[in-house]
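Colleague: Sequence first, predicted model second:
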Amino acid sequence: MHKRRVYVDTSVFGGVFDKEFEVSSHKFFELVRRERFILVVSPTIHAEIEFAPAGVKKFFKEMLSFAEELDVSEDALVLSRAYLKQNVIPQTSAGDALHVALATVSGCEMIVSWNFKHIVHFQRIPLYNAINIMHGYHEIGIFSPQEVMNYEEDI
């Protein structure tokens, strides 16, 4: 079975503690624990987690044993600036642009997020991918945790 490298942004870790998102978030992380996905995180997530509640911090730390950790590369910074320059998302959301760029540059197959405003958004996804192609990168799948469940498999 092919294991997909999946970049998970901060919202999914927080989703474990959010009534609206907890069931799907827990199921997603159970798939990570079962090694169905390779969890990929970045220094950007580490920085954002610093402002999270204690429970989120603790859960994130527990999940790091399943994670591949990225460095912020110059290539990712260039790509994130391209998203901002092309107004894919506002300048005030540079961190979200960096999440997408880090996932793309590192070769992840997908991003999993609950951020429907700036990341998992039907109008933005094609724009991210157009810029990725223009810069020599692959298209990347962008989904909510709910969308990457294998519903045939009992979790």
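Modeller: Yep, that arrived.

Colleague: CA atoms for contacts and neighbours, from now on please.
Modeller: Noted.

Colleague: in what helix or strand does residue 133 lie?
Modeller: Secondary-structure assignment from DSSP states H and E places residue 133 in helix 124-134.

Colleague: export that helix as CSV, just CAs?
Modeller: Once side chains and other backbone atoms are set aside, the C-alpha atoms of helix 124-134 remain, and they are given as CSV (Å, rounded to 0.1, in the frame of the first residue of the first chain):
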residue,chain,number,x,y,z
ARG,A,124,-8.1,29.2,-4.4
ILE,A,125,-7.0,25.6,-5.0
PRO,A,126,-6.8,26.0,-8.8
LEU,A,127,-4.8,29.3,-8.3
TYR,A,128,-2.3,27.6,-6.0
ASN,A,129,-1.9,24.8,-8.5
ALA,A,130,-1.5,27.1,-11.5
ILE,A,131,1.3,29.0,-9.7
ASN,A,132,2.9,25.7,-8.7
ILE,A,133,2.9,24.6,-12.4
MET,A,134,4.3,28.0,-13.5
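
Colleague: The chain: strands as residue ranges?
Modeller: Secondary structure of the chain (DSSP state E): strands located at 4-8, 37-41, 67-69, 110-112, 141-143.

Colleague: any idea what sits nearest residue 133, other than its immediate chain neighbours?
Modeller: residue 139 (6.7 Å; C-alpha to C-alpha, 6 or more residues apart in numbering).

Colleague: Quick check, that neighbour in contact with residue 127.
Modeller: No. The pair residue 139 and residue 127 does not pass the contact test of C-alpha atoms under 8 Å, sitting 10.2 Å apart.

Colleague: Settle it for me: which of those two has more neighbours?
Modeller: For residue 139 and residue 127, the more surrounded residue by other C-alpha atoms under 10 Å is residue 139, and the numbers stand at 19 against 16.
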